[in-house]
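[1] Here's my sequence, what's the structure:
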Amino acid sequence: MPLRTLRSHPSPLYRLPGTALVLIACALAVLLTTALLAVFAWRDRAATVERVATVATTAGMLVAEHAARLVETSDLILRRAMEMAGPPGAPLPADRATWERLGELARATPYVTAIWLGDAEGNAVLTTHDFPTPRLGAADRDYFQAHKAGEAGLFVGRLDSSRYDNAPAVVLSRALRNADGGLRGFATVTVSQRYFRELYRGIDIGFPATVSLMRADGTVLVREPPDGGAADGGAGGGGGAADGKAVTAQRAIDRFGLRTEVSIGHDAVLLPWRGRLDTYVSYGVLALLIVAGMGALAMQRARREREAEDALQRAYDTLEERVHQRTAELQDANARLEGAVADKEILLREVQHRVKNNLTVICSLLRLQAGRLDERARFAFDESLRRIQSMSLVHELLYRSPEPARINFADYLRQLSDSLLRAAGASPVRVVVEADDWIVDVDRAMPLALIASELISNALRHAFPDGHAGTVRIALHPDGDGVTINGVTMAVSDDGVGLPADLPAPANARRRGGLGLMLVQSLANQAHAALHIERGGGDRAGGTTFTLTLSTAERRSSKAA
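    Predicted coordinates:
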C-alpha cells in the first residue's frame with residue numbers, strides 16, 4: 001500500500017503519530033508480559049501441588065502395602081493361636097505347655113507384644129506374659145463387644161495402652177465359636193505401634209508428612225507424628241488431592257477394612273514455589289526494562305522514519321512505474337511466445353498430416369504396382385501395404401490428438417481392428433477390443449502399432465481356416481493408480497486352430513520361421529517389451545495368446561484429455 005494511502009486511511013489508528021503508536025504498543029507489551037508471568041506462576045503452583053500429590057499417592061501405596069503385609073502376618077499368628085485353643089465345644093486350655101507354645105509363637109515375631117486367649121465372659125484364660133494368667137477382664141474392650149454382637153471376621157482395633165507396658169498398640173482379634181455358632185471365647189494378637197512408626201518415620205518424600213493407619217470408619221490406629229503436626233488440617237480424596245489446607249492421599253485396604261493416609265501441609269508444599277516467585281518477579285522487572293528501552297528506541301526511530309517517509313514515497317512511485325512498464329513488456333513477450341507455440345503446433349500437425357498423406361500416396365502406388373504382379377508377390381505387397389497403413393493410422397491420430405506428439409493407444413487399437421476386419425472382407429470372425437485409455441508418445445507408439453497390426457492380421461488370416469467362425473480379442477490394461485503407469489500389458493488372443501507345433505519360439509524366429517513373428521520379436525525388443533506366447537485355450541481345441549508386457553512410466557489420461 002503506498003505511503004500516501006496510509007496517511008489518508010479512514011481508520012484513526014493509521015492517522016496516529018508514530019510516538020503514540022509506540023506508547024500504545026509498550027503498554028500492551030507490559031500488560032501481556034504481566035499476564036504471561038502471572039499465568040506461568042499459577043501453572044507452576046498447580047504443577048507443584050500436582051507433583052506433591054503424586055509423591056503422596058506413591059507413599060500412600062507403600063504404607064498400605066506395609067500395613068497389609070503386617071496385618072496379614074499377624075492374622076496368620078492369630079489363626080495359629082486359635083488352633084491351639086482346641087476344637088469347638090472343648091474348654092479353653094490353661095496348661096503350661098500351651099502357654100509356652102503361645103510364648104514361642106509371640107517371640108518368633110518381634111512386633112507381636114502379646115497373645116491372649118479369653119473365655120465367653122471376657123476373662124483372660126492364657127496370655128503370653130504370665131503363667132498362671134492373672135484374672136484380667138476384657139469385657140469392656142471394643143473387640144470383645146464386637147464378637148459378642150456377632151462379628152465373625154477379623155477385628156482390628158486400637159489399644160490406648162497395654163496392661164503391661166502402658167504403650168499404645170494395635171490389636172487383632174477373632175471370635176472362638178462353638179459348633180452351634182455361640183461365642184466360646186476370643187483370641188487376640190497385640191502389635192506394637194512402634195513397628196508402624198519406625199517405617200513411617202523412615203519414609204523421606206522431601207516434605208514434612210503425617211502418615212496414618214485407620215479403620216474404614218475413621219478410627220485412627222497409628223499416626224506418625226502422633227500429633228499430626230506435619231499437616232495443617234483438611235482431608236483429601238482417595239487418590240491424591242489438595243484442598244485449601246493440605247495435600248492428602250488415601251489408600252484403601254479393603255480386605256481388612258483399613259485405609260492409609262499420607263498428608264502434607266499446604267504451607268510446606270508451597271514453600272519451594274514461593275521461593276521461585278522471586279524469579280518470576282525478576283523476569284517481570286527485566287522484561288519491563290527491556291520494553292521501556294525498546295520503546296525509547298522505537299520512538300526515536302519513528303521520528304527518523306517520518307523524515308524518510310517522503311523519500312520512500314518517491315521511491316515507491318518510481319518503482320511502481322517501472323513495474324508497470326516491465327509488466328507490459330512481459331505481457332508482450334508472453335503473447336509472442338504463445339503465438340510461436342501455436343505456430344509450431346500448427347506446423348507439427350501439418351507435418352503429421354503430410355506424412356499421413358505421403359504414406360497414403362505410397363500405398364496407392366504400391367496397389368498400382370501390385371496389379372502387375374503374380375499372386376504370391378501381390379501377397380507380399382499386401383503385407384507391406386498393411387504395415388504402411390498401420391503407420392499411417394498413427395500419424396492420422398497424431399494429427400487429430402490435442403497433444404501433437406502423443407496418442408491414445410486404446411483409440412488406435414479400436415480403429416486398427418475395424419480397418420483390418422474390413423480389409424478381410426465378409427467373415428464370421430468377431431474382433432473384440434477391451435482397452436483402457438493409455439496416452440503414449442510417438443516413439444513408443446510406432447513399434448507397438450506395427451506389433452498390434454501384425455498379430456491381429458495373422459489371427460484373422462491364419463487362425464480360422466475354411467471360413468470357421470471365432471473371436472479375436474485385443475486387450476490393453478495399464479497397471480497403475482490412475483496418474484502414474486507402472487506397466488502395460490497388451491494381449492492378442494484367438495480361439496482358432498492355434499499355432500503349428502513346429503513353429504519356433506520368438507527367440508529362434510531369426511533362424512527359421514515367418515517374417516511376421518521375426519518382426520514382432522524385433523519390434524518388441526525395440527519397444528523394451530517382453531513377448532510371451534501361450535498355445536491352447538479358447539472355446540476351440542487350440543487358440544493362441546500373444547502377451548506383450550512393457551515396463552514403463554507413462555502418464556495416464558482419459559480419452560477426452
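[2] Moving along the chain from the lowest-mean-pLDDT helix or strand in the chain, name the first helix or strand you hit.
    Lowest on mean pLDDT, DSSP states H and E among the helices and strands of the chain sits strand 241-242, with a mean of 42. Downstream of strand 241-242, the first helix or strand assigned by DSSP states H and E is strand 246-253.
[3] Quick check: longest helix in the chain by residues?
    When the chain is parsed with DSSP state H, its longest helix is helix 266-370.
[4] In this model residue 528 seems to touch residue 551, though I could be wrong.
    Yes - using Cβ atoms under 8 Å, residue 551 is in contact with residue 528, at 7.1 Å. Quick note: C-beta positions are derived from backbone N, CA and C, even for glycine.
[5] What ranges does the stretch 101-250 of the chain have for its strands?
    Along the stretch 101-250 of the chain, counting by DSSP state E, counting those that start in this stretch, strands occupy 112-119, 124-127, 155-159, 169-177, 183-192, 209-215, 220-224, 241-242, 246-253.
[6] next one: the stretch 401-550 of the chain
    Going by DSSP E, counting those that start in this stretch, the stretch 401-550 of the chain shows strands at 406-408, 429-435, 439-441, 470-480, 485-494, 529-535, 544-551.
[7] so which of the ones you listed is the most packed in?
    strand 406-408 (a mean of 23; mean count of other Cβ atoms under 10 Å).
[8] hang on, the earlier thing: go through the strands of the stretch 101-250 of the chain and name the closest to residue 460.
    Taking Cβ to Cβ, strand 241-242 is the member of the strands of the stretch 101-250 of the chain nearest to residue 460, at 89.7 Å.
[9] Contact partners for residue 412?
    Contacts for residue 412 (Cβ atoms under 8 Å, 6 or more residues apart in numbering) come out as 393, 394, 397, 445, 449, 452.
[10] Number of residues surrounding the closest residue to the second one other than its chain neighbours?
    Pointing back at residue 394 there. Nearest residue to residue 394, sequence neighbours excluded (Cβ to Cβ, 6 or more residues apart in numbering): residue 449, at 5.0 Å. Counted with other Cβ atoms under 10 Å, residues neighbouring residue 449 total 25.
[11] need the contact list for residue 449.
    Going by Cβ under 8 Å, 6+ apart, residue 449 touches 390, 391, 393, 394, 412, 416.
[12] do you know how far the second one is from residue 219?
    Taking Cβ to Cβ, to the nearest Å as the measure, residue 391 and residue 219 are separated by 106 Å.
[13] More neighbours: which of the two?
    Counted by other Cβ under 10 Å, residue 391 and residue 219 do not tie: residue 391 has more neighbours, with 19 against 12.
[14] Quick one: mean pLDDT for the helix or strand containing that one?
    In the assignment (DSSP H and E), residue 391 maps to helix 375-400. For helix 375-400, the mean per-residue pLDDT is 73.
[15] pLDDT score for residue 494?
    pLDDT for residue 494: 90.
[16] Name whatever forms a beta bridge with it.
    Residue 494 forms beta bridges with residue 472, residue 544, as assigned by DSSP bridges.
[17] How much space separates it from residue 393?
    Where residue 393 is concerned, residue 494 sits at a distance of 22 Å (Cβ to Cβ).
[18] now, which of the contacts of residue 412 sits nearest residue 156?
    For those, the residue nearest residue 156 by Cβ to Cβ is residue 445; the value is 94.4 Å.
[19] Check whether the closest one really touches residue 409, as I assumed.
    Yes - when contacts are counted by Cβ under 8 Å, residue 445 is listed as touching residue 409 (6.3 Å).
[20] Looking at these two, which one has more neighbours?
    Set side by side, residue 445 and residue 409 show more neighbours around residue 409, with 27 against 24, by other Cβ under 10 Å.
[21] between the contacts of residue 449, which is closest to residue 47?
    Distance to residue 47, by Cβ to Cβ, is smallest for residue 412 among these, at 72.6 Å.
[22] re the thing from before, let's have the strands of the stretch 401-550 of the chain in a markdown table, adding distance to residue 250.
    Shown next, in a markdown table, are the strands of the stretch 401-550 of the chain (distance: least, Cβ to Cβ, whole Å):
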| stretch | distance to residue 250 |
| --- | --- |
| strand 406-408 | 78 |
| strand 429-435 | 76 |
| strand 439-441 | 75 |
| strand 470-480 | 65 |
| strand 485-494 | 65 |
| strand 529-535 | 77 |
| strand 544-551 | 71 |
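[23] CA atoms only for stretch 405-418 - export them in PDB, please.
    Provided in PDB are the C-alpha atoms of stretch 405-418 (Å, rounded to 0.1, in the frame of the first residue of the first chain):
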ATOM      1  CA  ALA A 405       3.300 -35.800 -30.100                       C
ATOM      2  CA  ARG A 406       1.100 -38.300 -28.200                       C
ATOM      3  CA  ILE A 407      -1.900 -40.500 -28.900                       C
ATOM      4  CA  ASN A 408      -4.400 -42.600 -27.000                       C
ATOM      5  CA  PHE A 409      -3.300 -46.100 -27.900                       C
ATOM      6  CA  ALA A 410      -6.700 -47.600 -27.000                       C
ATOM      7  CA  ASP A 411      -8.300 -45.500 -29.800                       C
ATOM      8  CA  TYR A 412      -5.600 -46.700 -32.200                       C
ATOM      9  CA  LEU A 413      -6.400 -50.400 -31.400                       C
ATOM     10  CA  ARG A 414     -10.100 -49.900 -32.000                       C
ATOM     11  CA  GLN A 415      -9.600 -48.100 -35.400                       C
ATOM     12  CA  LEU A 416      -6.900 -50.600 -36.400                       C
ATOM     13  CA  SER A 417      -9.100 -53.600 -35.600                       C
ATOM     14  CA  ASP A 418     -12.000 -52.100 -37.600                       C
END
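[24] pLDDT of it, averaged?
    Average pLDDT, stretch 405-418: 87.
[25] same thing with stretch 324-336?
    Per-residue pLDDT over stretch 324-336 has a mean of 86.
[26] C-alpha coordinates for that stretch, PDB please?
    As requested, the backbone C-alpha atoms of stretch 324-336 are provided in PDB (Å, rounded to 0.1, in the frame of the first residue of the first chain):
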ATOM      1  CA  HIS A 324       4.000  -1.400 -14.800                       C
ATOM      2  CA  GLN A 325       6.500  -0.900 -17.700                       C
ATOM      3  CA  ARG A 326       8.100  -4.300 -17.100                       C
ATOM      4  CA  THR A 327       4.700  -6.000 -16.800                       C
ATOM      5  CA  ALA A 328       3.700  -4.600 -20.200                       C
ATOM      6  CA  GLU A 329       7.000  -5.900 -21.700                       C
ATOM      7  CA  LEU A 330       6.400  -9.400 -20.200                       C
ATOM      8  CA  GLN A 331       2.900  -9.500 -21.400                       C
ATOM      9  CA  ASP A 332       4.000  -8.600 -24.900                       C
ATOM     10  CA  ALA A 333       6.800 -11.300 -24.800                       C
ATOM     11  CA  ASN A 334       4.300 -13.800 -23.500                       C
ATOM     12  CA  ALA A 335       1.900 -13.100 -26.300                       C
ATOM     13  CA  ARG A 336       4.800 -13.600 -28.800                       C
END
